[in-house]
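Asks: Using only what follows, build the 3D model:
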Amino acid sequence: MEWSKDFYDTQFEWLHANKEYNTERLLDSLVEKVDKYSEYPVKKILELGGGSGQFAVAAAKKGYEVTVIELAPSAVGHMKELAQKNNVSERLSIVHGDFYEVTLHEAFDVICYWDGFGIGSDRHQQVLLERVTNWLNPNGIALIDVYTPWYWSKVTGQKMKFGNYNSHYDFDAYESRMINTCWIDENKDKKIIQSLRCYSPTDLKLLTLDMDLKLVYCEPSGEMDYENWHYNADVPLERAMTFLAKFEKGK
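Replies: Numbers count the residues shown, from 1 in each chain. Below you'll find the model as predicted:
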């Protein structure tokens, strides 16, 4: 997991400087997912890997008390500025650190991890999910985006480009990992690489078999059709790039 801090810090700097990528657009659609899947009243939200803060600030604007753990220094700085611009600094607590290491002294109604689960080994995921369980209030839920092995094995070798930012995808079939290599046109020799473990819902059930945290629902995300260069938002699970896993504590 040594690659993660450099990757996410550099990736944020590149995308923030990219005119085709908006790092200030608030992600109200993700806040709607919190509202949709929460069966009990929600006051406190914890976000793991908050990135540019687009979800955290949006949630704070809706009145939630939000805590974010973010590793990348550049992203933390931007998140603070975005919170100030939207007048939510008092409802947003930013923890600059590693969510495998930080100590939190409060519990949360909802824990979110958007687009990033799968860093490290299966045991690393179990350690993180155990921490999630301990951070949740009774009847709390966790919402986690999970990469699927079937999609990423199918699109290995594909590329995407946003302005000067390039992203190339491979798949390690033996380890079931999506390998993402990124660079910018101005410095093609500097490449950053992330490696994320891909899971099926059954894999997640096995990961949490001995935990007080159980998978109760999966919402398929969309599918990028590279042949026609079109994003299909509504596809079944067997075609989805990722799925949103809902976990409940105490099930």
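Asks: hey, where'd the helices end up in the stretch 101-250 of the chain?
Replies: Here the stretch 101-250 of the chain has its helices, by DSSP state H, counting those that start in this stretch, at 122-135, 149-154, 201-207.
Asks: Tabulate these (CSV), appending mean pLDDT, mean neighbour count and distance to residue 107.
Replies: Any C-beta I mention is one placed from the backbone N, CA and C, and that applies to glycine too. Formatted as CSV, these follow (pLDDT from 0 to 100; neighbours: other Cβ atoms under 10 Å; distance: least, Cβ to Cβ, whole Å):
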stretch, mean pLDDT, mean neighbour count, distance to residue 107
helix 122-135, 98, 17, 6
helix 149-154, 98, 18, 33
helix 201-207, 98, 15, 22
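Asks: Of those helices, which is nearest residue 21?
Replies: helix 149-154 (21.7 Å; Cβ to Cβ).
Asks: just the CA coordinates of that closest one, formatted as CSV?
Replies: Provided in CSV are the C-alpha atoms of helix 149-154 (Å, rounded to 0.1, in the frame of the first residue of the first chain):
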residue,chain,number,x,y,z
PRO,A,149,-13.6,-8.3,-11.5
TRP,A,150,-15.8,-9.2,-14.5
TYR,A,151,-15.9,-5.7,-15.9
TRP,A,152,-12.2,-4.8,-15.4
SER,A,153,-11.0,-8.1,-16.8
LYS,A,154,-13.1,-7.4,-19.9
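Asks: what does it contact?
Replies: 169, 171, 173, 176, 178, 198-200, 223, 238-242 (Cβ atoms under 8 Å, 6 or more residues apart in numbering).
Asks: low-scoring stretches of the protein, by residue?
Replies: 251 (pLDDT under 70).
Asks: could you pull out the strands for this structure?
Replies: Remark: strands assigned in the chain by DSSP state E are 44-48, 65-70, 92-96, 108-113, 136-147, 159-162, 165-172, 177-184, 187-197, 213-220, 223-225, 230-232, 242-249.
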